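# Sequence first, then the predicted structure, then my questions.
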Amino acid sequence: MKLLCGITLFLSIAVAYYIYIPLPGQISEPWKLMVLDATFRGVVWMGDVAHSVGLSHSVRVINFAVVSFESVVPATYNEIWVEDTLFDGVHVRIYHPPGKKEGHLRRAVVFIHGGGWSLGAPKLGSYDSLCGQMSADLDAVVVTVDYRMAPDVHFPVQYEDCVQAAKHFLKPETLAQYLVDPERVAVCGDSAGGNLAAAVAQRIGIDNSISVKFKLQVLIYPVLQALDFNTASYQQNQNVPILYRKLMARFWLEYLGADPDLIHSILINNHTAQDQNHMSLNRSKLDWTTLLPKRMIKHYKPVIPVTGSSNILKDVPALLDARAAPLLADEEVLRMAPRAYVLTGEHDVLRDDGIMYARRLELAGVPVTNDHYEDGFHGCVSFAFWPCFFSVGIRAVQNYIAWLEENL
Ligand SMILES: *[C@@H]1O[C@H](CO)[C@@H](O)[C@H](O)[C@H]1NC(C)=O
Ligand SMILES: *[C@@H]1O[C@H](CO)[C@@H](O)[C@H](O)[C@H]1NC(C)=O
């Protein structure tokens with residue numbers, strides 16, 4: 001009996017120790033987040049183990065867990081008619097709201113899901129529910145893009161899939177087929193999907209061969225650059241779940257098809273050290289000491305080593321490619337981009353990617369609404385659905401949909 005009590009006590013302490021992580025005071029529902037994070041950390045750990053013994057690529061293991069979880073989560077919409085089809089060879093799902101009226105054209109949203117360009121199941125669970133909710137609340141046609149992902153494909157395939165699907169949808173004949181108003185189409189994405197949405201919006205904006213343009217872009221905690229892993233928010237939130245700084249750097253290297261061992265160099269900004277005078281490295285585009293408000297910079301200092309690991313920018317040219325890192329676009333490109341809504345969370349390593357992009361769009365003359373959540377953490381929008389509810393997730397979803405309702 002004593003032994004059993006002892007074991008139980010030991011296991012309880014071990015579990016509590018595993019789950020507990022110190023979190024910032026204002027973060028939304030810290031205990032829930034710790035449990036969510038412990039689960040996610042466990043999955044990532046299993047992926048790493050499977051990878052290191054040569055069983056499977058770690059990303060496949062993590063995605064298997066994500067897909068398994070999402071497949072048991074029921075969709076929360078009804079009355080929406082769902083259609084799976086191909087847009088110019090790219091898999092998409094279309095959500096049609098009920099009640100077609102003769103001659104009435106609807107609004108539309110092209111949605112691009114997140115998951116580090118390598119994870120996520122747009123037709124299942126939370127993303128399915130989110131798209132169904134957008135379609136119902138906005139009485140809009142929603143197209144979710146099931147683009148191909150890493151490790152099967154790398155940049156620029158994810159980007160090209162999304163561009164192709166968007167271009168196909170924006171064709172006047174496609175819009176007519178789905179009874180969509182060409183003046184009222186938005187592009188929207190979260191996290192890596194926000195990266196792709198921003199990149200697609202830039203591409204469509206400058207392409208003179210496309211007559212119908214997006215009216216709006218909605219970027220939910222987007223990831224926008226890989227040249228500085230020591231922005232104020234990367235420093236402040238490096239250990240805040242669920243998107244740790246190291247994990248984000250891993251996702252980047254996987255997306256760009258680069259050597260995973262480069263992680264040690266890029267985390268300390270060796271790739272953008274002072275001696276890396278690459279022609280197209282323009283630091284002012286991501287100079288957070290000028291692009292961020294003082295209250296966000298706080299006491300954090302830029303990390304620019306004097307000497308770095310040479311050749312990373314040459315070996316991985318996509319690091320400097322605005323199609324991969326939309327924050328690096330020239331002002332002339334930004335000027336052609338649609339009006340923007342940028343959602344950011346204080347406790348997110350990507351906070352400054354979003355804030356800097358919002359600022360650069362503004363400087364280029366594009367109207368921007370920035371909704372900043374003081375209790376927000378990365379991924380919260382995916383946790384507005386059964387069984388994982390976070391109050392900040394529910395508010396964030398309501399607010400961005402309300403913004404679309406008003407402006408689309
Ligand atoms: C660097 O970027 C800034 C901000 O977009 C721009 O004003 C400047 O002209 C750029 N410099 C070069 C050399 O391209
Ligand atoms: C960063 O660059 C310096 C200078 O070249 C080098 O000594 C150091 O080993 C590099 N660090 C990493 C982690 O690559």
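On my side now, so go ahead. Ligands and ions are numbered 1, 2, ... in the order given.
# CA only for contacts and neighbour counts going forward, please
Noted.
# and this protein, which of its residues are near ligand 2?
Within the chain, the positions adjacent to ligand 2 are 264, 265, 270, 307, 308, 309 by Cα under 6 Å from any ligand atom.
# Now do residue 154 against ligand 2, distance only.
Distance from residue 154 to ligand 2, counting by Cα to the nearest ligand atom, to the nearest Å: 23 Å.
# Over to residue 280?
Distance from residue 280 to ligand 2, by Cα to the nearest ligand atom: 20 Å.
# Neighbours of that residue, how many?
A count of nearby residues for residue 280, using other Cα atoms under 10 Å, gives 11.
# who are the neighbours in contact with it?
residue 320 (Cα atoms under 8 Å, 6 or more residues apart in numbering).
# same thing but at 10 Å, please
Contact analysis of residue 280 by Cα atoms under 10 Å, 6 or more residues apart in numbering lists 313, 317, 320, 321, 328.
# buried residues in stretch 216-234?
By neighbour count on 16 or more other Cα atoms under 10 Å, the buried set for stretch 216-234 is 216-234.
# again with stretch 274-286
Within stretch 274-286, the residues that count as buried by 16+ other Cα under 10 Å are 276, 285, 286.
# next one: stretch 9-27
Using 16+ other Cα under 10 Å as the test for burial, stretch 9-27 gives 19, 20, 21, 23, 27.
# Spell out the residue ranges of the strands in the chain.
Under the criterion DSSP state E, the chain contains strands at 81-87, 90-96, 106-112, 140-145, 180-190, 216-220, 339-347, 368-377, 384-385, 388-389.
# mind giving me a markdown table with those strands and columns for mean pLDDT?
A markdown table is the format used below for these (pLDDT from 0 to 100):
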| stretch | mean pLDDT |
| --- | --- |
| strand 81-87 | 97 |
| strand 90-96 | 98 |
| strand 106-112 | 98 |
| strand 140-145 | 98 |
| strand 180-190 | 98 |
| strand 216-220 | 98 |
| strand 339-347 | 98 |
| strand 368-377 | 97 |
| strand 384-385 | 88 |
| strand 388-389 | 86 |
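# what's the closest of the ones you listed to residue 357?
strand 339-347 (8.6 Å; Cα to Cα).
# by contact count, what packs against the closest one?
The contact analysis (3 or more Cα pairs under 10 Å, 6 or more residues apart in numbering; DSSP states H and E) places strand 339-347 against strand 180-190, helix 192-206, strand 216-220, helix 232-236, helix 351-363, strand 368-377, helix 391-407.
# Take those and write them to a markdown table, including distance to residue 37.
Compiled in a markdown table, the helices and strands packed on strand 339-347 are given as follows (distance: least, Cα to Cα, whole Å):
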| stretch | distance to residue 37 |
| --- | --- |
| strand 180-190 | 19 |
| helix 192-206 | 19 |
| strand 216-220 | 20 |
| helix 232-236 | 18 |
| helix 351-363 | 19 |
| strand 368-377 | 12 |
| helix 391-407 | 15 |
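# Format those as JSON lines; extra columns: distance to ligand 1.
Formatted as JSON lines, the helices and strands packed on strand 339-347 follow (distance: least, Cα to the nearest ligand atom, whole Å):
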{"stretch": "strand 180-190", "distance to ligand 1": "24"}
{"stretch": "helix 192-206", "distance to ligand 1": "15"}
{"stretch": "strand 216-220", "distance to ligand 1": "20"}
{"stretch": "helix 232-236", "distance to ligand 1": "19"}
{"stretch": "helix 351-363", "distance to ligand 1": "7"}
{"stretch": "strand 368-377", "distance to ligand 1": "17"}
{"stretch": "helix 391-407", "distance to ligand 1": "27"}
